[in-house]
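**Student:** okay, structure incoming, though there's no sequence with it:
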């Protein structure tokens, strides 16, 4: 029997994803691990890392990029502000591929298409200077996957254009807030939604034309009211006969496996 190549994705909580290609290469997307109470593996727990991709400079997305780049010597794809932060922490410039919306790059053998993201990106350097830049979502081409990482984007209608141009087939969509870490940024009042409400997340899922959707931006899945609301709107869309992706709700640490055509082979059943 000939074994078919498979691609695996593991969710680590919030928007941290680990992708293992069919030939054993590892990509980390928004690797918020060491301070993430849900992360199955911390930044020093991998046998190899071949590429890191960072959407923006928020601490729960930028995460441990500097430690990972230093430990494994892997290249990083990111925006200009993240590049400046990494260099401020001793990562050499020739290890960092800065890009932005529209500038498609190939690094470590993988093609990455940065796309528009409606959000913000800002951080302080060691000298307390404040820098900001352009956040990005991105589509990673791995085997049969065109994996869309939403990069904390709010909803906007040109997600439909991204679907037409780049045809992502699998994607993560942020529809919740990670309650376990909100206290790290104390502010007055309360946050009523994340960057997308659950209903907006359903619209984004449809507009992007995904075949498989991984709702995210939570740490603890069970009992999350935003996840439950997302699924209510998702089921309503399906009941109306509207085209919509198969949803897979992953707990932190869970793997999902795809064949070489980008179809899910495990788990055997969507939500």
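**Tutor:** Arrived safely, thanks for sending. Only a predicted model underlies this, so the values are computations on that prediction, with no experimental measurement involved.
**Student:** and stretch 92-103, what's buried?
**Tutor:** Neighbour counts over stretch 92-103 (16 or more other C-beta atoms under 10 Å) mark 95-99 as buried. Yep, even glycine has a C-beta here, placed from its N, CA and C like the rest.
**Student:** whoops, stretch 66-86 was the one
**Tutor:** Residues of stretch 66-86 classed as buried by neighbour count (16+ other C-beta under 10 Å): 66-70, 72, 74-86.
**Student:** what segments of the stretch 101-250 of the chain are helices?
**Tutor:** Here the stretch 101-250 of the chain has its helices, by DSSP state H, counting those that start in this stretch, at 159-166, 198-207, 225-239.
**Student:** what mean pLDDT does the second one have?
**Tutor:** Mean per-residue pLDDT for helix 198-207: 98.
**Student:** list the helices and strands it packs on?
**Tutor:** helix 159-166, strand 170-174, helix 225-239 (3 or more C-beta pairs under 8 Å, 6 or more residues apart in numbering; DSSP states H and E).
**Student:** tell me the most buried of those?
**Tutor:** Stretch with highest mean neighbour count among the helices and strands packed on helix 198-207: strand 170-174 (a mean of 27; mean count of other C-beta atoms under 10 Å).
**Student:** and the nearest residue in space to residue 21 that is not next to it in sequence, how far from residue 190?
**Tutor:** Residue nearest to residue 21 in three dimensions, not counting chain neighbours: residue 142, with 5.2 Å by C-beta to C-beta, 6 or more residues apart in numbering. Applying C-beta to C-beta, to the nearest Å, the value for residue 142 to residue 190 is 38 Å.
**Student:** quick one, which of the two is more surrounded?
**Tutor:** residue 142 (24 against 6; other C-beta atoms under 10 Å).
**Student:** so what pairs up with the more buried one in the strands?
**Tutor:** Beta-bridge pairing for residue 142 (DSSP bridges): residue 145.
**Student:** where does the chain dip in pLDDT?
**Tutor:** For the chain, applying pLDDT under 70 flags the ranges 1-5, 269-271.
**Student:** returning to that earlier point: make TSV out of the helices of the stretch 101-250 of the chain and add distance to residue 217.
**Tutor:** Compiled in TSV, the helices of the stretch 101-250 of the chain are given as follows (distance: least, C-beta to C-beta, whole Å):
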stretch	distance to residue 217
helix 159-166	16
helix 198-207	9
helix 225-239	8
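**Student:** wait, which of the ones you listed is closest to residue 30?
**Tutor:** helix 198-207 (17.1 Å; C-beta to C-beta).
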